[in-house]
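> Structure for this input, please:
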Amino acid sequence: MLSENGYSVEIFELEEKVGGMSKSIELFSQIVDIGPHRFFSKDTRLNDFWHSHTNGEYEKVSRLTRIFYNRKFFYYPLRGFDALFKLGFLESTLCVLSYIKAKISPFKGDSFESWVANAFGYRLYSIFFKSYTEKLWGIKGSELDADFAAQRIKGLNLYEAVKSAFFGNGGKKHKTLVDEFSYPKRGCGVVYENMKDEIIKRGGVLHCNVEVLGITTQDKKAVGILTNKGEFSGDIVISTAPFRDMVLSLDELDSGVKTLAGRLKFRNTILVYVEVGDLALLKKHRLTPNTSLVLGEHSHDCENLGAVITSKVTPTPKSPQNEQSPTAIPRILEEENQATNEKSTSQESSFENNTKKSQKVDSSTATILKQSAKDSRICKNAQNVSDSLAAGFCDDFVGCQGNDKGATLSVVTAVAASDSRKSAQKPTLFKDNWIYVHSKDTQTGRITNFANWTKDLQCGKDSAILCLEYWANDDEALWNLDDKALSEIAKRDLLESKLVADSSLIKNTSVLKIHKSYPVYEKGYKDNLHKIYKALDSFKDLYFIGRNGSFKYNNQDHSILMGLMCADKILGRECDLWHINTDYDYQENGKA
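Alright, predicted model coming up:
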């Protein structure tokens, strides 16, 4: 929008390619996202903007996400009969009594735990919410602010679930979930690659592999940014770099406000990608893949830009719509060992790990809008991804019939002989887009199956890539484990939960660490944050947007909307950027 209106735009990106946590990468000759990222919004302008940057290359994906508890899948939001039958009569009775107790004597306070316990009863809270939530945030549910529940599960409660089971929901859809969403055929990152190409065509400049260290101001007006490659000046700064770090870098900000900013916390994410199965192995286990792909939903979503500086220049004519830009593929340095031949079904599995190399991946970016655009090298797309048919997996139950500079990505390859413990179980994979794992037996909290999104992601391969999510703070042992140890944890989680039936189906693993991926909503955070926002409003030509950039638990739709409204504000239209994604009227109450 700004480049269309005569502004010269300069973008500073920490990583090799744009997109932040919504980029797509090539892995094991397929395409994956940085966790599950669906797009949905009820805002017409936002929908039009997003769809225009897919160049028409998107699909409507049927959403399916469920809770995996006690080796059973429960629909979410909870369906009365589904939950009652799978929990059993006794447990269901105790849950209903717990809910009645909460209605008679509600839990006090404004914590996530009290909010959900009042909506579902404490017993259901402890079964379906407590484990996942505490894994994600690293704090007790009683220490997490109720804002998280208000944004994500507003309107859900046990009474509505039971009523819906008997009488239906009258066509109403819950605000936090949709039956269908839009998704680019070759990954979420296509949209941001196309946005980048459009900006460059209009004379914008992109700097990759540049870390934004701070924001410079003069007389409380933004005048530039400080990076690891030097200082850059401009007239307007738009920051999506980690909020706390950028606020602390402001020399003209009151020290008391900086103290409040220093208390804000971020949570780190660890993603372990696991390639599972191929046609030969699946046939050995007597599974015939179904070629009709089951598609589904969800996302965590957060897109960060680093800093923007801008000046008004002579308006330039609009460029024609870009041709479709193929998904940019980052370089993943990988060396694969030769697979050992399968000797016998009783032979013990043996794995050989290959040498690991790493690549920085992060969501911080910086953009500077300047009087005169500079020339720069543009990060090229490595290759096009072939458009080919992929087989899908289609069973409810899987394998079971009864440092602050960015992120690092590495690959561990392993091919195993058949495990001697192999049984007659069908080694199928769950048909959900992703599942929430509520189990004390596993460390992972969420698992995505990219084979259930679009066939193009598989690029003609017969295997599926699962993405297991873990979360940790800087000082936790999990965050400091090496990639081999993390891969072993992921494989153990899949095998012990029976989500994957046999170790011989696990072919490769890859680990991606993302620093400061979740702003933590600790109780009381909101009062401090509003004081910081108010102090920042005294600065001119300085804007903070995105998940990390504004300390908001945004999905990508919220972050894109913040970008559009930020442009509106620069162009003279009044709007309150701080208010986006805080009114708790979550943008998911229908079909896109």
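> only C-alpha atoms for contact and neighbour calcs from this point on.
Fine.
> Run through the chain and note the low-pLDDT ranges.
For the chain, the stretches with pLDDT under 70 are 80, 151-156, 160-178, 278-428, 582-592.
> Could you check how far the residue lying closest to Trp50 once chain neighbours are set aside is from Asn473?
Nearest residue to Trp50 in three dimensions, chain neighbours excluded: Val191, at 7.2 Å (C-alpha to C-alpha, 6 or more residues apart in numbering). Remark: distance between Val191 and Asn473 (C-alpha to C-alpha, to the nearest Å) = 31 Å.
> Just the element for the residue nearest to Trp50, please.
helix 190-201 (DSSP states H and E).
> cool, and Leu529?
Per DSSP H and E, Leu529 falls inside helix 525-536.
> which of the residues in that helix are buried?
In terms of neighbour count (16 or more other C-alpha atoms under 10 Å), helix 525-536 has its buried residues at Tyr525, Leu529, Ile532, Leu536.
> Please enumerate residues in contact with that helix?
Residues from elsewhere that reach helix 525-536 (C-alpha atoms under 8 Å, 6 or more residues apart in numbering): Asp145, Leu253, Val257, Leu260, Ala261, Leu264, Trp578.
> among those, which are in helices?
Among the contacts of helix 525-536, DSSP state H puts Val257, Leu260, Ala261 in helices.
> now the closest residue to the second one other than its chain neighbours: how far from Asp576?
Counting by C-alpha to C-alpha, 6+ apart, Leu260 lies nearest to Asn528, which is 6.0 Å off, once chain neighbours are set aside. The span separating Asn528 from Asp576 equals 18 Å under the rule C-alpha to C-alpha.
> ditto for Lys526
17 Å.
> re the thing from before, what is the burial count for the residue nearest to Trp50?
Number of residues near Val191 (other C-alpha atoms under 10 Å) recorded here: 29.
> show me what contacts it?
Val191 neighbours (C-alpha under 8 Å, 6+ apart): Trp50, His53, Thr54, Pro184.
> any idea which element Gly35 lies in?
Using DSSP H and E, Gly35 falls within no helix or strand.
> wait, it sits on Thr448?
Yes: using C-alpha atoms under 8 Å, Gly35 makes contact with Thr448 at a distance of 6.8 Å.
> what are the ranges of the helices in the stretch 451-592 of the chain?
Assigned by DSSP state H, counting those that start in this stretch, the helices in the stretch 451-592 of the chain fall at 483-496, 525-536, 547-550, 556-570.
> Name the residues of the first one that are buried.
In terms of neighbour count (16+ other C-alpha under 10 Å), helix 483-496 has its buried residues at Asp483, Lys484, Leu486, Ser487, Ile489, Ala490, Lys491, Arg492, Asp493, Leu494.
> Identify all contacting residues around that helix.
Contacts of helix 483-496 (C-alpha under 8 Å, 6+ apart): 272, 274, 410, 412, 441-444, 468, 478, 500-503, 506, 509-511.
> out of these, which are buried?
Among the contacts of helix 483-496, those scoring as buried are 272, 274, 410, 412, 443-444, 468, 478, 500-503, 506, 509-511 (criterion: 16+ other C-alpha under 10 Å).
> wait, which of those is closest to Phe430?
Set against Phe430, the nearest of the buried ones among the contacts of helix 483-496 by C-alpha to C-alpha is Val500 (9.3 Å).
> now Val210, nearest residue through space, not along the chain?
Leu14 is the one closest to Val210 (C-alpha to C-alpha, 6+ apart), at 4.6 Å.
> My guess is the one you found contacts Leu206. True?
No: look at Leu14 against Leu206 with C-alpha under 8 Å: they stay out of range, at 10.7 Å.
> can you pull the contacts of Leu84?
With C-alpha under 8 Å, 6+ apart, Leu84 has these contacts: Ser92.
> how close does it sit to Tyr125?
Distance from Leu84 to Tyr125, counting by C-alpha to C-alpha: 15 Å.
> Likewise for Met1?
Applying C-alpha to C-alpha to Met1 and Tyr125 gives a distance of 44 Å.
> now swap in Leu564 and tell me
In terms of C-alpha to C-alpha, Leu564 sits 37 Å off from Tyr125.
> Which of those two has more residues huddled nearby?
Tyr125 (22 against 17).
> Check the secondary structure at the more buried one for me.
Here Tyr125 is helix, with the state taken from DSSP: H, G, I helix; E, B strand; the rest coil.
> circling back to that earlier point, what sits in contact with each of Gly35 and Thr448?
Cys467.
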